[in-house]
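Chemist: Need a 3D model of the following:
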Amino acid sequence: MQAADLEAYLHEQIPLSSAMRVRVVSVEQNGVVLAAPLEPNTNHRGTVFGGSASALAILAAWAILHARCRDEGIAARLVIRRNTMEYERPMVGEFTARARLESNEQWQTFAHTLARKRKARITIVATVEHRGEAAARFTGEFVAIG
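Modeler: Purely as a prediction, here's the structure:
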């Protein structure tokens, strides 16, 4: 899946991504990087709203699963089951979320379980960065239903 295709899909299917002005920076087999500007994601202190940082991390984690499933011809509904977010420092400008699959083995287990049981779970970690430094960390468990 190409970055432009993923960005168009997110904006069409997940309207919040359009409102946040999310850009797809890169899409690779095992990772996705999304970015968003401070405006319209600001809070009353002039920093990134925590909900926007969380939403960008969730979108990045979900997007890597969506892109990989699409590239491999796997039809599944992907939903988030639970997540945690740890904020380390404020962000006062554009911010990014980098989500990666832990390993090929993690993906293979997930895909095999989904094919066999029509349902699978996978945990994705994303780092929210500002000015090249980690500002928040996300861990989310996603469920795929075939």
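
Chemist: next structured bit after the host helix or strand of M85?
Modeler: Under the criterion DSSP states H and E, the helix or strand holding M85 is strand 77-87. As assigned by DSSP H and E, the chain's next helix or strand after strand 77-87 is strand 95-100.

Chemist: That following strand packs against which elements?
Modeler: Counting contacts by 3 or more C-beta pairs under 8 Å, 6 or more residues apart in numbering; DSSP states H and E, the secondary-structure elements packed against strand 95-100 are strand 31-36, helix 50-71, strand 119-130, strand 133-145. Placement of C-beta: from N, CA and C, glycine included.

Chemist: Show me how far it is from its chain's centre.
Modeler: In terms of C-alpha atoms, centre = their mean, to the nearest Å, the gap separating the centre of strand 95-100 from the centre of its chain is 7 Å.

Chemist: looking at it, T96 is touching P37, isn't it?
Modeler: No - using C-beta atoms under 8 Å, T96 and P37 do not qualify as a contacting pair, with a distance of 10.8 Å.

Chemist: Compare neighbour counts for those two and give me the winner.
Modeler: Applying other C-beta atoms under 10 Å to T96 and P37 shows that T96 carries more neighbours, namely 23 against 15.

Chemist: still on that earlier bit, would you reformat the helices and strands packed on strand 95-100 as JSON lines and include mean neighbour count and distance to E88?
Modeler: As requested, those are exported to JSON lines (neighbours: other C-beta atoms under 10 Å; distance: least, C-beta to C-beta, whole Å):
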{"stretch": "strand 31-36", "mean neighbour count": "24", "distance to E88": "18"}
{"stretch": "helix 50-71", "mean neighbour count": "22", "distance to E88": "11"}
{"stretch": "strand 119-130", "mean neighbour count": "20", "distance to E88": "9"}
{"stretch": "strand 133-145", "mean neighbour count": "18", "distance to E88": "6"}
